[in-house]
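> Sharing a model that was predicted from the sequence below.
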Amino acid sequence: MDRTKLRWNGWGFAAHKDELAAREEVWAWLAGELRMPALLATPARPLEDVELPPGALSAGDRMALAAIVGVDRVRDDKFERAFHTRGRSTLDLLTLRAGDLSAAPDAVVTPRATEEVLAVLALAAEREMAVIPFGGGTGDGVAAPRGPFSAAIALDISQMDRLLALDPVSQIATAQAGIAGPALEKALAAKGFMLGHYPEAFEFSTLGGWIAGDGTGQAANRYGSAKDWLASAQLATPRGLFAAEGPLKDLLIGSQGRFGVITEATLRVRRLPVVTGQRAYLFRDFASGIAAVRDAAQAEIPTVLLRLSDAEETRFWHGYSQAGKAKGLAARLMRRYLDWRGFGEKASGLVARFEGEATSVSRARRDFAAIVKKHGALSFRVDEPWKKSAFFAPYLRDSLLDRGVGYDAIETAASWSKLESVYGAVQGALESAIAASVPREGAKGVVMGRVGPSTANCANLVFTYVFPRALKNDVEQAAAIKKAAMDAIAASGPATDRAGADVRRAVKMALDPKGVLNPAA
Ligand SMILES: Cc1cc2nc3c(=O)[nH]c(=O)nc-3n(C[C@H](O)[C@H](O)[C@H](O)COP(=O)(O)OP(=O)(O)OC[C@H]3O[C@@H](n4cnc5c(N)ncnc54)[C@H](O)[C@@H]3O)c2cc1C
């Protein structure tokens, strides 16, 4: 992927035209939702107007790096340093849009082979340069450290992007860790296989980032997360190359590049599904939807995706899609019918997806239909392919940021018995923090929740929230809102795992004694 075609301070391709940007009727509707008189243009600062901190890489270190990877693979031009300064969380984007590049690496090094990664790490340890492993740059933990290092380099492995092997009999594949989601699925599909890890950031995130970031894909109900599909990995460290199997493999999950650079990963893959199908449902309220999703998970019905929106998310996205459109007779009749049946303002929408062999899909659909019926849901056809809407929100976020609106998300997991209390606590914390930070009296935010991938024991809860930005201090505002949600999550979760932290420290000392790997993560 040609990085120069991507936004250094936003999501995805610079040439992407987000449909929202031009829909004035949506802006008027959104201003009403946020109780703002209007939403005005708040463009980001262009790269030409922004200053980078002076690069700290010495000529000698640059030459030594160039001797390993080649001169044209050690870059310190403005775009490369700016692109690699931060991830793409909302806080990161607000910081970048304001022109704050203080966390820029001094240079970006782009290896093509594991041997080059090993040599760069050995050099970094010898010359005390910090190294920040960088895949797609969509996640947390890619900012350069301040501190006692001679320089900080982003080690961008996105050109290590090949599928190396596939054993179709054992259903095991090995790929280089810099491969991005679409390229990996395309290469596997050409041989009749798939992995099925679809985070919202799928298009721009990489296999190594999925492991080191420990995230969840939207279709994890069936295809699992890294802890399920990762069979083993190859880890390059300043001490040499390790085959990460067993406990070390598990320690890589969520390691954020602190133990080493994952250069290859061996994955449990599946055959491409023969049949796919999707259906939408409406429940009278969120609680009955939760009960249905839990029943389906505990009955082990093989759904690929169950995405249950709370009433606010259901209402908001319906309002968004209908903004500015005249309400026809059919829509008015449908509204009356739903009200009459008790699907009023508390109604919660669910999307279900099924994939697999024809018989198992039809059995899963039938069993799932019986469960939702028991919980009083109405069923609807879905025409739009799931993948069309699965990855659109990050582009939408840029359009919102361009009009003074913040859009952020936070995710947690809770056991079924605690799910509703955690949901209430986080939702309440977000609402209070937004109310305390809005830029004018009477303005408000919209806080939405949903249940994502689930197992028999627990489910993911995702909160997204839209709020009018306090433009003079929007980084602090966004950080305070997120902190309020994280505090609510921490208060309802298990205590910090002290023993686990000690083990991770010991592993770090063994693999990276000089502490050069991602010190700021
Ligand atoms: C809009 C948006 C939506 C998102 N949606 C989801 C979602 O649905 N599910 C989800 O799980 N996450 C999501 N994320 C978070 C992020 O996309 C994931 O964590 C993703 O896995 C990061 O992959 P990446 O290749 O971009 O990693 P990067 O951002 O490049 O790196 C993330 C961390 O991993 C380290 N790292 C990267 N590659 C390697 C490697 N090869 N070896 C060692 N360390 C490495 C980095 O040093 C850094 O600490 C989202 C992020 C955004 C901005």
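Good, I have the coordinates.
> Identify the residues contacting the residue nearest to P394 when sequence neighbours are not counted.
Counting by CB to CB, 6 or more residues apart in numbering, W11 is the residue found nearest to P394 once chain neighbours are left out, at 4.1 Å. Placement of C-beta: from N, CA and C, glycine included. By CB atoms under 8 Å, 6 or more residues apart in numbering, the residues touching W11 are R88, L93, F204, P394, Y395, R397, D398.
> Give me the secondary structure label for the residue in the stretch 151-300 of the chain positioned nearest to the ligand.
Nearest residue of the stretch 151-300 of the chain to the ligand, counting by CB to the nearest ligand atom: G215, 1.5 Å away. Secondary structure for G215, judged by DSSP: H, G, I helix; E, B strand; the rest coil, is coil.
> Need the pLDDT of it.
What the model reports for G215 is a pLDDT of 85.
> With P494 instead?
Confidence score, pLDDT, at P494: 67.
> that older thread, wait, which of the contacts of W11 is closest to V74?
Distance ranking of these against V74, using CB to CB, places F204 first at 23.1 Å.
> Any idea how many residues pack against that closest one?
23 (other CB atoms under 10 Å).
> pretty sure it contacts S158?
No: between F204 and S158 there is no contact under CB atoms under 8 Å: 9.5 Å.
> Common neighbours of the two, please.
Joint contacts of F204 and S158 (CB under 8 Å, 6+ apart) are M1, G136, A180.
> Okay, the residue nearest to P394 and the ligand: tell me how far apart.
In this view, W11 and the ligand are 7 Å apart by CB to the nearest ligand atom, to the nearest Å.
> most surrounded residue in the shared contacts of F204 and S158?
Highest neighbour count within the shared contacts of F204 and S158: G136, with 26 neighbours (other CB under 10 Å).
> does that one really touch L207, like I thought?
No: counting by CB under 8 Å, G136 does not reach L207; the two are 9.7 Å apart.
> residues of the helix or strand of the chain with the lowest mean pLDDT that come out buried?
When each helix and strand of the chain is scored by mean pLDDT, DSSP states H and E, helix 386-390 comes last, with a mean of 75. For helix 386-390, burial by neighbour count (16 or more other CB atoms under 10 Å) applies to W386, A390.
> Could you confirm A236 falls within a strand?
Yes: the assignment for A236 by three-state DSSP puts it in a strand.
> Can you report how many residues lie near it?
Per other CB under 10 Å, the neighbour tally for A236 reads 28.
> Quick one: end-to-end length of stretch 9-17, please.
Criterion CA to CA, to the nearest Å; first-to-last residue distance in stretch 9-17 is 16 Å.
> chain center to that stretch, what's the gap?
Relative to the centre of its chain, stretch 9-17 is centred 16 Å away, using CA atoms, centre = their mean, to the nearest Å.
> One more: stretch 352-368?
Put simply, stretch 352-368 sits 27 Å off its chain's centre (CA atoms, centre = their mean).
> Equivalent analysis for stretch 111-122, please.
In terms of CA atoms, centre = their mean, the centre of stretch 111-122 is set 27 Å apart from its chain centre.
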